[in-house]
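Visitor: the sequence and its predicted three-dimensional model are supplied below.
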Amino acid sequence: MIWSDGKTRCPWATPHNPLYIRYHDEEWGVPVHDDQKLFEMLILEGFQAGLSWECVLNKREHFRLVFDGFDPRKVAQYGPEKIEQLCQDKGIIRNRRKIQAAVRNAQVFLDVQQEFGSFDRYLWDFAGGAPIREYGLTSSPLSDALSRDLKKRGMSFVGTTILYSYLQAVGVIFSHEEPCFLAPCFPRTPRP
């Protein structure tokens, strides 16, 4: 389907939400190497479990506000009072298990940074330091391996399907496919 702006996009992108269109056109599949952005997307993908990405995306700005800009050092320090406050906040997805997981995952994220120098290095090493092109999947040996390792380290809401979506979102896996206008834009350069 050709959209009103003359472009063809991935079938999951919906024309009725400008926020979603901008996400598809400017973020999804673009390699991310900033640890704070990698943490944000990891937490948001966990909140997506059982829901649509559009639902999470529509709430992202409020998530950023109440989760201290997704600073993992701050999120890792959240105690029962902050967790309860988040559970009452109608601007986010109020799932106690997901909120508690975000706090624990922040702690593990910091441990990974300490061990590898950055979460970026840890993550991209799973892909050999460069984006992988694949599409039509919901999991892969890469997302399986990453899921196993993060679970072993103590993270939750990091199943292989959630992580496959995460890897697509942060550009480790490039999944724009024909006839999407971004399909020819596969980034072939390795991590800086």
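Guide: Sure thing, it's come through.

Visitor: from here on, contacts and neighbour counts on C-alpha atoms
Guide: Will do.

Visitor: ok now the helix or strand containing Gln36, how far from the chain's centre?
Guide: Assigned by DSSP states H and E, Gln36 belongs to helix 35-48. Centroid separation for helix 35-48 versus its chain: 4 Å, with C-alpha atoms, centre = their mean, to the nearest Å.

Visitor: cool, stretch 85-97 as well?
Guide: On C-alpha atoms, centre = their mean, the centre of stretch 85-97 falls 19 Å from that of its chain.

Visitor: got the contact list for that stretch?
Guide: With C-alpha atoms under 8 Å, 6 or more residues apart in numbering as the test, stretch 85-97 has contacts from 47, 56, 59-60, 62-63, 66, 83, 99.

Visitor: of those, grab the buried ones for PyMOL.
Guide: To isolate in PyMOL the members of the contacts of stretch 85-97 that are buried, counting by 16 or more other C-alpha atoms under 10 Å, one can use:
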select buried, resi 47+56+59+60+63+66+83+99
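
Visitor: with secondary structure as extra columns, can I get the contacts of stretch 85-97 in a markdown table?
Guide: Below are the contacts of stretch 85-97 laid out as a markdown table (DSSP: H, G, I helix; E, B strand; the rest coil):
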| residue | secondary structure |
| --- | --- |
| Phe47 | helix |
| Val56 | helix |
| Lys59 | helix |
| Arg60 | helix |
| His62 | helix |
| Phe63 | helix |
| Val66 | helix |
| Ile83 | helix |
| Ile99 | helix |
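
Visitor: of the contacts of stretch 85-97, which pair is most distant in space?
Guide: Greatest spacing in those, by C-alpha to C-alpha: Val56 and Ile83 (18.5 Å).

Visitor: ok, back up a step: closest one of the contacts of stretch 85-97 to Asn105?
Guide: The closest of the contacts of stretch 85-97, once distances to Asn105 are taken by C-alpha to C-alpha, is Ile99, at 9.8 Å.

Visitor: check contacts around the closest one.
Guide: Taking C-alpha under 8 Å, 6+ apart, one finds 83, 86-87 in contact with Ile99.

Visitor: gap between it and Asn58?
Guide: Per C-alpha to C-alpha, to the nearest Å, Ile99 is found 18 Å from Asn58.
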